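>>> quick one: sequence and predicted model below, then my questions.
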Amino acid sequence: MKQFKIIVEKHPDGYVAYPLGIKGIVVGEGDTYEEALADVKSAIRFHIENFGREVLEIESPMLEAFVAEARVAI
């Protein structure tokens, strides 16, 4: 068993979830937070089964993730 940090975004039409620290694209979605989380967990298992454990970034593990806002002049 391995623990992953998962970002879950709420959008007008549902939720999108994706893990940090995995090489490649892994995404889950659902109408609820719980559905998106369950879907991304399934996607993580599928990704590792198909591409191997080398998709896990072990060398530099992420300790924390933060959400920040910043104004940028454009």
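Arrived safely.
>>> which residues of the protein score low on pLDDT?
Where the chain drops to pLDDT under 70, the residues are 57-60.
>>> which ones are touching the residue lying closest to residue 56 once chain neighbours are set aside?
Closest residue in space to residue 56, ignoring its immediate chain neighbours: residue 22 at 6.4 Å, by C-beta to C-beta, 6 or more residues apart in numbering. Every residue, glycine included, has its C-beta placed from N, CA and C. Contacts for residue 22 (C-beta atoms under 8 Å, 6 or more residues apart in numbering) come out as 4, 44, 47, 55-57.
>>> of the residues you listed, grab the buried ones for PyMOL.
The buried residues among the contacts of residue 22 can be selected in PyMOL (16 or more other C-beta atoms under 10 Å) with this line:
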select buried, resi 44+47+56
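>>> in helices, which of the contacts of residue 22 appear?
Counting by DSSP state H, the contacts of residue 22 place 44, 47 in helices.
>>> thinking again about what came up before, for the residue nearest to residue 56, give its distance to residue 44.
For residue 22, the distance to residue 44 (C-beta to C-beta, to the nearest Å) stands at 7 Å.
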